[in-house]
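Trainee: how would this look folded up:
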Amino acid sequence: MPAKFESSTGFESIKMAELVFDTQNPLNCPLCLNLLKNPVTTTCGHSFCMDCIKGCWDQDASLRRAYSCPTCRTTFNQRPAPSKSTVLAEIVEGLNQAVPAGPGDVKCDVCKIRKLKAIKSCLVCLASYCQTHIRPHYESEAFKKHKLVNASPNLQQQICSQHNKALEIYCYNDWKCICVVCMGDQHSGHKTVSAADEMAKKQKELKIQNRDFTQKITHIVKKVEAFRKAVDSHKRFAQAAVEHSDRIFTELISSIQKRRTEVRQLIRAQEKREIGQINDHIQKLEQEISNLQNENDKLKLILHTEDHIHFFQNYSSQSGVYLCTTSPRDVNYLLTFENVDKSVSELKNQLDKVCEEHMDKISKKGEVTLSRTIQTFTSM
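Mentor: Below is the predicted model of the structure:
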């Protein structure tokens, strides 16, 4: 491809970039064989690293021999003062800043030794260029009409396989990109438009969709965050409710245990009172039995007396009838606590009923609260 470079400096920099790591490269120092660092030029026209040439001439001085150029062996009567090469310094600095192609990068097709990272691809040249080698496409009129795109590893996909032309036309009928030759061939009469214009149109539509998706995502993210906050809030309130209910039930259990102790004491007190009364009555009856037994024993003695004089003498003393001092009462064998049992059972039933009623209220309130929370966030 013919190309006329408008800048000789640009052309030189391109050619030099190809030789950066060439041992014969003029940009490499003849002494250290590395890329020039702080390049200086001697009066004979050869360039070296500043430190390299100083070290060389320091050695000449220590050996008391004439100063000479390490390249052409030109001798100098006195130690030369090499001048700094501004042009070489700029070129070397530019090369040092060049980015070498890494894994996955598109490589420059012009670089020969060290492949630099390509920044642009040309659909006319079917090649990719680094920052240095792309300069002619910007500086020379011969390349002004070339189509540049971002560096692509698949340039062939952007070229018509049949006509070897850039796919720069979009066909509405076949929904694909074609070249200018295809328009007059199999796509003749089809509705076509510039691929760049159609891409711009589609990009506008995609931008609108992207904006809508972004708004929806933002809206949903806000809902998710609100739900997360609701979860944290529910956890805090639930924990507080659990602690409060535990405290109330603990107090309720304590109260019931206290009432149980009181009922037990009442039952035992009534039991003690009733048994005490019965034991007192038993004691009195037993004393009455003893008294009656004594009287009966005396009567037996009189009954067995055969002497009538003795009989009437003793009979007169026993003629009085012994009166019982204790009146027997009926024995109650059914000393039960039916009333207490009934009352305790009724208390238990009432407590169960109250608990069920309140559990239903608690459950319904919880369901209503959860339903309202969900409705609140879903309506946002």
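Trainee: all strands of this protein, in order?
Mentor: 39-41, 47-49, 67-68, 75-76, 83-84, 120-122, 127-129, 148-150, 169-171, 176-178, 192-194 (DSSP state E).
Trainee: can you list contacts of the fifth one?
Mentor: For strand 83-84, contacts defined as CB atoms under 8 Å, 6 or more residues apart in numbering pick out 38, 39, 40, 41, 50. Every residue, glycine included, has its C-beta placed from N, CA and C.
Trainee: the last one touches residue 39, doesn't it?
Mentor: Yes: using CB atoms under 8 Å, residue 50 is in contact with residue 39, at 7.4 Å.
Trainee: who's more crowded, the two?
Mentor: Set residue 50 next to residue 39 and count neighbours by other CB atoms under 10 Å: residue 39 wins out with 24 against 15.
Trainee: OK, contacts around the more buried one?
Mentor: By CB under 8 Å, 6+ apart, the residues touching residue 39 are 29, 47, 48, 49, 50, 84, 85, 88, 89, 92.
Trainee: tell me the confidence at residue 108?
Mentor: At residue 108, the pLDDT value in this model is 88.
Trainee: distance-wise, check it relative to residue 201.
Mentor: Relative to residue 201, residue 108 is positioned 33 Å away (criterion: CB to CB, to the nearest Å).
Trainee: those two: which has the busier surroundings?
Mentor: Applying other CB under 10 Å to residue 108 and residue 201 shows that residue 108 carries more neighbours, namely 28 against 13.
Trainee: can you tell me the closest non-neighbouring residue to that one?
Mentor: Closest residue to residue 108 apart from its sequence neighbours, by CB to CB, 6 or more residues apart in numbering: residue 130 at 3.8 Å.
Trainee: surely the one you found touches residue 110?
Mentor: Yes: counting by CB under 8 Å, a contact exists between residue 130 and residue 110, whose distance comes to 7.4 Å.
Trainee: in the stretch 201-350 of the chain, which spans are helices?
Mentor: Taking DSSP state H, counting those that start in this stretch as the criterion, the stretch 201-350 of the chain carries its helices at 308-317, 338-378.
Trainee: kindly apply the preceding question to the stretch 1-150 of the chain instead.
Mentor: Read by DSSP H, counting those that start in this stretch, the stretch 1-150 of the chain holds these helices, from start to end of the chain: 8-17, 50-62, 86-97, 135-139.
Trainee: domain assignment for the protein?
Mentor: What automatic domain parsing lists as the domains of the chain is 1-97, 217-327.
Trainee: so which of those gets nearest residue 184?
Mentor: With CB to CB as the criterion, residue 184 lies closest to domain 1-97 of the domains of the chain, at 25.5 Å.
Trainee: relative to its centre, which residue of the chain is most distant?
Mentor: Relative to the centre of the chain, and counting by CA atoms, centre = their mean, the farthest-placed residue is residue 309 at 125.3 Å.
Trainee: turn the contacts of strand 83-84 into TSV, columns for pLDDT and distance to residue 136.
Mentor: Supplementary listing: the contacts of strand 83-84 in TSV, determined by pLDDT from 0 to 100; distance: CB to CB, whole Å:
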residue	pLDDT	distance to residue 136
38	88	29
39	90	25
40	91	30
41	90	28
50	91	32
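Trainee: identify the farthest-apart pair in those.
Mentor: The two members of the contacts of strand 83-84 with the most space between them (CB to CB) are 38 and 41, at 11.7 Å.
Trainee: ok, residues contacting stretch 301-319?
Mentor: Contacting residues not belonging to stretch 301-319 are listed as 295, 298, 299 [CB under 8 Å, 6+ apart].
Trainee: what about 6 Å?
Mentor: When contacts are defined by CB atoms under 6 Å, 6 or more residues apart in numbering, stretch 301-319 is touched by residues residue 298.
Trainee: same drill for residue 130 and residue 110, tell me which one is more crowded.
Mentor: More neighbours sit around residue 130 than around the other of residue 130 and residue 110, counting by other CB under 10 Å; the figures are 27 against 21.
Trainee: please tell me I have it right and the more buried one contacts residue 116.
Mentor: Yes: between residue 130 and residue 116 a contact is recorded at 3.8 Å, counting by CB atoms under 6 Å.
Trainee: need the overlap of contacts for these two.
Mentor: Here residue 130 and residue 116 share the contacting residues residue 108, scored by CB under 6 Å, 6+ apart.
Trainee: which one of the helices of the stretch 1-150 of the chain has the poorest average confidence?
Mentor: Looking at the helices of the stretch 1-150 of the chain, the lowest mean pLDDT belongs to helix 8-17 (a mean of 38).
Trainee: re the thing from before, any chance of CSV for the domains of the chain, columns distance to residue 183?
Mentor: Written out in CSV, the entries for these read as follows (distance: least, CB to CB, whole Å):
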stretch, distance to residue 183
domain 1-97, 25
domain 217-327, 41
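Trainee: just those: most buried one?
Mentor: Across those, averaging neighbours per residue (mean count of other CB atoms under 10 Å) puts domain 1-97 on top, at a mean of 14.
Trainee: re earlier: now render the strands of the chain as a markdown table, adding distance to residue 214.
Mentor: Written out in a markdown table, the entries for the strands of the chain read as follows (distance: least, CB to CB, whole Å):
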| stretch | distance to residue 214 |
| --- | --- |
| strand 39-41 | 53 |
| strand 47-49 | 55 |
| strand 67-68 | 71 |
| strand 75-76 | 72 |
| strand 83-84 | 55 |
| strand 120-122 | 31 |
| strand 127-129 | 34 |
| strand 148-150 | 24 |
| strand 169-171 | 27 |
| strand 176-178 | 29 |
| strand 192-194 | 28 |
